[in-house]
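In: this one's sequence-less:
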Ligand SMILES: Nc1ncnc2c1ncn2[C@@H]1O[C@H](COP(=O)(O)OP(=O)(O)OP(=O)(O)O)[C@@H](O)[C@H]1O
Ligand SMILES: Nc1ncnc2c1ncn2[C@@H]1O[C@H](COP(=O)(O)OP(=O)(O)OP(=O)(O)O)[C@@H](O)[C@H]1O
Ligand SMILES: [Mg+2]
Ligand SMILES: [Mg+2]
């Protein structure tokens, strides 16, 4: 199941804030592009990050080439709203009349998840866009989705919308979007988490919620893992080794404490989540750049 | 380095708000500050949002119901503490806080019920961005002005954008603003002697166009919501203004919590700037989970010298133990260097704002003993 992960049309990456969603997004994109796939990364949170990880300036709302076969774009609510509204309304004047006035601003801020609707709509449009008949423009679109709570809102927006509205152009698109997101052959949502209490618990909750909403999931990424390096006997011996070994002893204890957490949460997650688990080691790179992403991509390629 | 101490900075404050990015330790810090206050003799309430389950359990907190719960004195004794004051805790329930507020501010039961069952209200009170931040402030205001506690320590939700937090009330009130809604929904509302009544269909071109995006049903809900809120808006605005005033008074302190990673430091600086621009000074910055540098203990750190040290201690260098120890030391020294560099950057930019650091403890902080360890770093001026 995991082996075909990169053969999907759309991957959505979510998880608690700061767990490594953008890192995993970038690494998956790199891995896919190296297999000769044409990949587009869509970022939807306020601060664009992926282009920077590859040492490139932020892409902004224009699609930019980062590496051979690898592109990124920043999807922002205001621009997405405008593009989307224009697509449906066809007329600039009508758009201006309806959307660009103070009253409409209030209205739009009260409409639940309109921003999410148009942003997800934009991502969906990229994922289904065709260069010519039957030939998709992108082999793979990777969505660096918002963190947990908001991420779930984001991905379930078509479902929620369709409960309120059943007809009209938007409802039609939402239905298409929902069937794309819900089809395990075309789309997978992947959770990224850390070997710590809160991120691990959130990952478990999120896994259940995604399941409840019938969103097919890819492997779970456990990021920042430590492998055991010292036996208990070694640690006792070093601790008794006097002041010359004090620093080394503390470092070894710290290391093992984190290795313990890594194996604890790997087993907790293994028990509560029925998905393959991909462990990404903690990297000690002084700058987290293309080289670090390269390493993560290598590990993912090995695991897939 | 001489620096003001945190106890002095927080002395006499009625409200302490712990703010910062997601996962940096806001909940932990808020609880630790409250514990110190209680130990020092205050009757303090910590208002927490979504604490780690183990912390909540170990403090004996119930998860629902907005209930103020006193931390059992027996728990303090078990942790070797003898507080002169009392520590209370409460987990904020977003929906309940909204419902209580609406019920209190409504002119009648019927009005309250109309609002509570409206779909727009249900989104507003559970899912709308800024809603949790707004209600947290609202609850703090209620508790602070009740006089039941000497101090309230507020934990805040993981707000990625500082402005979301500061302008939560304005933003939510913007949605409630009847005048603005009246402009757009005007054609759907018919003024009558008793007030406004609801007409069924949107008529203007603008409304028709917008309703193609959201469905006409939404417009009806919105208009109904607006009708139900009729007359209540002023009360809300009034309260929000008072909350704002309290937060900007010397009775309130903002403590900015961050971790030492470049991205969160960046966000902390942004947060600090946004608070300042809003006329809210940051009272203290706490850098949490800083890697302790093992090299501070001295001794050799390269494999060759470690091999010698092992020999001197009568230990065998089996399975390249010296090599592994050297690697581990170097890795952690790298992390400590990175943290130091980021803290220096933060200090250089903040200048006048006092900064405190808390080391990364080996275990999660999930009980009073762990919190007290944090207090020892924050309040006793040392690690
Ligand atoms: N395997 C790893 N080893 C060490 N550091 C890592 C690893 N993965 C990610 N990081 C670091 O952790 C931080 C957070 O990573 P990243 O930005 O990918 O997370 P995110 O989930 O996208 O965060 P946000 O919720 O803010 O968007 C970054 O500073 C990154 O360099
Ligand atoms: N100094 C520390 N050493 C070790 N672990 C810590 C330290 N401070 C906090 N933690 C742990 O880090 C985790 C996150 O802390 P906490 O819940 O306080 O963060 P938060 O900022 O409130 O997170 P959120 O934004 O998700 O609400 C908890 O499991 C806590 O026990
Ligand atoms: Mg990110
Ligand atoms: Mg918290």
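Out: Ah, there it is. Everything numeric here is computed off the predicted structure, so don't read it as measured data. Ligands and ions are numbered 1, 2, ... in the order given.
In: Burial check on residue B:104, number of neighbours?
Out: Neighbours of residue B:104 under the rule other C-beta atoms under 10 Å in any protein chain shown: 11. Glycine gets a C-beta too; all of them are placed from N, C-alpha and C.
In: so which helix or strand takes in it?
Out: In this assignment (DSSP states H and E), residue B:104 forms part of helix B:94-105.
In: Name the residues that touch that helix?
Out: B:64-66, B:112, B:115-116, B:121, B:124-126, B:131-132, B:135, B:138-139, B:232, B:235-236 (C-beta atoms under 8 Å, 6 or more residues apart in numbering or on different chains).
In: Stretch B:59-72 now?
Out: By C-beta under 8 Å, 6+ apart, stretch B:59-72 touches B:31, B:38, B:45, B:48, B:51, B:56, B:75, B:86-93, B:96-97, B:100, B:139, B:148, B:367-368.
In: Can you say which of the contacts of helix B:94-105 are buried?
Out: Listed as buried from those are B:66, B:112, B:115-116, B:121, B:124-125, B:131-132, B:135, B:138-139, B:232, B:236; burial here means 16 or more other C-beta atoms under 10 Å in any protein chain shown.
In: and of those residues, the nearest to ligand 3?
Out: Nearest to ligand 3 among these: residue B:132, at 20.9 Å, using C-beta to the ion.
In: and that closest one, what pLDDT?
Out: At residue B:132, the pLDDT value in this model is 81.
In: contacting residues for the residue of the stretch 101-250 of chain B found nearest ligand 2?
Out: In the stretch 101-250 of chain B, no residue comes nearer to ligand 2 than residue B:158, which is 3.2 Å away by C-beta to the nearest ligand atom. Residues in contact with residue B:158 (C-beta under 8 Å, 6+ apart) are A:17, A:147, B:21-23, B:26.
In: Distance-wise, check it relative to residue A:42.
Out: Distance of residue B:158 to residue A:42, computed by C-beta to C-beta, to the nearest Å: 23 Å.
In: For the stretch 201-350 of chain B, just list every one of the strands.
Out: B:252-258, B:282-290 (DSSP state E, counting those that start in this stretch).
In: what's the most buried one of those?
Out: strand B:252-258 (a mean of 25; mean count of other C-beta atoms under 10 Å in any protein chain shown).
In: and that strand with strand B:282-290, angle?
Out: 30 degrees (axes from the mean of the first three to the mean of the last three C-alpha atoms, to 10 degrees).
In: For strand B:252-258, which strands pair with it and how are they oriented?
Out: Within its sheet, strand B:252-258 is paired with strand B:15-19 (parallel), strand B:282-290 (parallel), according to DSSP bridges.
In: Please compute how far the first one lies from its chain's middle.
Out: Just to be clear, that refers to strand B:15-19. Centroid separation between strand B:15-19 and its chain, computed with C-alpha atoms, centre = their mean, to the nearest Å, is 7 Å.
In: Can you name the next helix or strand after it?
Out: As assigned by DSSP H and E, the chain's next helix or strand after strand B:15-19 is helix B:26-39.
In: is chain A contacted by the helix or strand following that next one?
Out: Once helix B:26-39 ends, the next helix or strand along the chain (criterion: DSSP H and E) is strand B:43-48. No: residues of strand B:43-48 contacting chain A under C-beta under 8 Å from any C-beta of the partner chain: none, with a closest distance of 13.1 Å.
In: Now strand B:43-48: buried residues?
Out: Using 16+ other C-beta under 10 Å as the test for burial, strand B:43-48 gives B:44-48.
In: quick one: the helix or strand following it to chain centroid distance?
Out: Next along the chain after strand B:43-48, taking DSSP H and E as the criterion, comes helix B:53-59. In this view, helix B:53-59 has its centroid 17 Å away from the chain centroid, taken as C-alpha atoms, centre = their mean.
In: Skip ahead from helix B:53-59 and say which helix or strand is next.
Out: Next along from helix B:53-59, by DSSP H and E: strand B:69-70.
In: Mind giving me the packing neighbours of the helix or strand just after that following strand?
Out: Per DSSP H and E, strand B:69-70 leads on to helix B:73-78 as the next helix or strand towards the C-terminus. When contacts are defined as 3 or more C-beta pairs under 8 Å, 6 or more residues apart in numbering or on different chains; DSSP states H and E, helix B:73-78 sits against helix B:368-378.
In: The helix it packs on packs against which elements?
Out: On a contact count with 3+ C-beta pairs under 8 Å, 6+ apart, helix B:368-378 meets helix B:26-39, helix B:73-78, strand B:355-359.
In: Looking at chain A, which residue is nearest ligand 2?
Out: Going by C-beta to the nearest ligand atom, ligand 2 is nearest to residue A:197 of chain A, at 4.5 Å.
In: pLDDT at that residue, what is it?
Out: Residue A:197 carries a pLDDT value of 89.
In: so residue A:137 makes contact with residue A:128?
Out: No: judged on C-beta atoms under 8 Å, residue A:137 makes no contact with residue A:128 at a distance of 9.1 Å.
In: Next, please give the residue ranges for the strands of the stretch 51-200 of chain A.
Out: Along the stretch 51-200 of chain A, the stretches classed as strands by DSSP E, counting those that start in this stretch are A:64-67, A:70-74, A:130-132, A:135-136, A:140-144, A:187-193.
In: any idea which of these scores lowest on pLDDT?
Out: Across these, strand A:130-132 gives the lowest mean pLDDT, at a mean of 87.
In: tell me the mean pLDDT over the helix holding residue B:104?
Out: On average, helix B:94-105 scores 88.
In: So for it, what gets flagged as buried?
Out: Using 16+ other C-beta under 10 Å as the test for burial, helix B:94-105 gives B:94, B:96-102, B:105.
In: Which strands or helices does the helix or strand just after it pack on?
Out: Elements were assigned by DSSP H and E; along the chain past helix B:94-105, the next helix or strand is helix B:109-117. Applying 3+ C-beta pairs under 8 Å, 6+ apart, one finds that helix B:109-117 contacts helix B:94-105, helix B:216-229.
In: pLDDT-wise, which helix or strand of chain B ranks last?
Out: Counting by mean pLDDT, DSSP states H and E, the weakest-scoring helix or strand in chain B turns out to be strand B:195-198, with a mean of 51.
In: re the thing from before, from the contacts of stretch B:59-72, list the buried ones, please.
Out: Neighbour-count burial (16+ other C-beta under 10 Å) is assigned, among the contacts of stretch B:59-72, to B:31, B:38, B:45, B:48, B:51, B:56, B:75, B:86-93, B:96-97, B:100, B:139, B:367-368.
In: Would you reformat the buried residues of strand B:43-48 as CSV and include distance to residue B:70 and pLDDT?
Out: Formatted as CSV, the buried residues of strand B:43-48 follow (distance: C-beta to C-beta, whole Å; pLDDT from 0 to 100):
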residue, distance to residue B:70, pLDDT
B:44, 11, 97
B:45, 10, 96
B:46, 11, 94
B:47, 14, 92
B:48, 14, 88
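In: CSV for those, including distance to residue A:246?
Out: Shown next, in CSV, are the buried residues of strand B:43-48 (distance: C-beta to C-beta, whole Å):
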residue, distance to residue A:246
B:44, 39
B:45, 42
B:46, 37
B:47, 42
B:48, 38
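In: Closest to chain A out of the residues you listed?
Out: Chain A lies nearest to residue B:48 out of these, by C-beta to the nearest C-beta, at 13.1 Å.
In: How about the closest one: which residues does it bridge to?
Out: Beta bridges link residue B:48 to residue B:91, judged by DSSP bridges.
In: what about the helix of greatest length in chain B, average pLDDT?
Out: In chain B, assigned by DSSP state H, the helix with the most residues is helix B:321-350. Average pLDDT, helix B:321-350: 95.
In: Now do the contacts for residue 31.
Out: Let's take chain A. Neighbours of residue A:31 in contact, by C-beta under 8 Å, 6+ apart: A:6, A:297, A:300-301, A:304.
In: nope, chain B please
Out: Residue B:31 makes contact with B:46, B:48, B:51, B:55, B:59, B:89, B:153, B:155, B:371, according to C-beta under 8 Å, 6+ apart.
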